[in-house]
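**Q** Show me the folded form of this:
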Amino acid sequence: MANFVKATRTSTGTVYTCDSVSIMIGCNINNTGASVTAKVNVTAAGAALATNLEIPAGGSVELVQGKFVMANTEAVIFTLTTGDATIYVSVLDGLT
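**A** Numbering: from 1, shown residues only. You can find the predicted model right below:
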């Protein structure tokens, strides 16, 4: 049975790991810092979704506006290189 999953991360590391075929339906990053531009990298299923992406203080970016299919054991990885940011990932998982 398919389930909707929301994952959040505020530091470098794995945001979400698939346990079956999954579809990422949303990926937003918000700069939570007061004055520093956040710099981030995001990979999903081994593909770079964002490389050295700079988000101004108080800004946000929507990385996935369509659908991104991921297979079993593939992951979304967030790397925060400067500043403070939060990543939000929405996934439809449990597909076969």
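**Q** Every contact and neighbour count from this point should use C-alpha atoms.
**A** Will do.
**Q** Provide a list of residue ranges in the chain with pLDDT below threshold.
**A** Regions of the chain meeting the criterion pLDDT under 70 cover residues 1.
**Q** how about the strands in it?
**A** If DSSP state E is used as the criterion, the strands of the chain fall at 3-9, 13-17, 21-31, 38-44, 47-55, 60-64, 68-70, 75-82, 85-95.
**Q** how about JSON lines for these, with mean neighbour count added?
**A** Shown next, in JSON lines, are these (neighbours: other Cα atoms under 10 Å):
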{"stretch": "strand 3-9", "mean neighbour count": "14"}
{"stretch": "strand 13-17", "mean neighbour count": "18"}
{"stretch": "strand 21-31", "mean neighbour count": "21"}
{"stretch": "strand 38-44", "mean neighbour count": "21"}
{"stretch": "strand 47-55", "mean neighbour count": "15"}
{"stretch": "strand 60-64", "mean neighbour count": "15"}
{"stretch": "strand 68-70", "mean neighbour count": "17"}
{"stretch": "strand 75-82", "mean neighbour count": "19"}
{"stretch": "strand 85-95", "mean neighbour count": "20"}
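**Q** which residues sit against stretch 56-70?
**A** Residues external to stretch 56-70 that are found in contact with it (Cα atoms under 8 Å, 6 or more residues apart in numbering): 18, 21-38, 44-45, 49-50, 55.
**Q** what about dumping the CA coordinates of it to CSV?
**A** Provided in CSV are the C-alpha atoms of stretch 56-70 (Å, rounded to 0.1, in the frame of the first residue of the first chain):
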residue,chain,number,x,y,z
PRO,A,56,19.5,34.4,0.6
ALA,A,57,18.5,35.0,4.2
GLY,A,58,14.8,34.5,4.6
GLY,A,59,14.5,32.9,1.1
SER,A,60,13.4,29.5,-0.1
VAL,A,61,13.7,27.3,-3.2
GLU,A,62,11.4,24.6,-4.5
LEU,A,63,13.7,22.0,-6.2
VAL,A,64,11.1,19.5,-7.4
GLN,A,65,8.1,20.9,-9.2
GLY,A,66,7.1,17.6,-10.9
LYS,A,67,7.9,14.1,-10.0
PHE,A,68,11.2,12.3,-9.3
VAL,A,69,11.2,8.5,-9.3
MET,A,70,13.6,6.7,-6.9
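**Q** Done for today, thanks.
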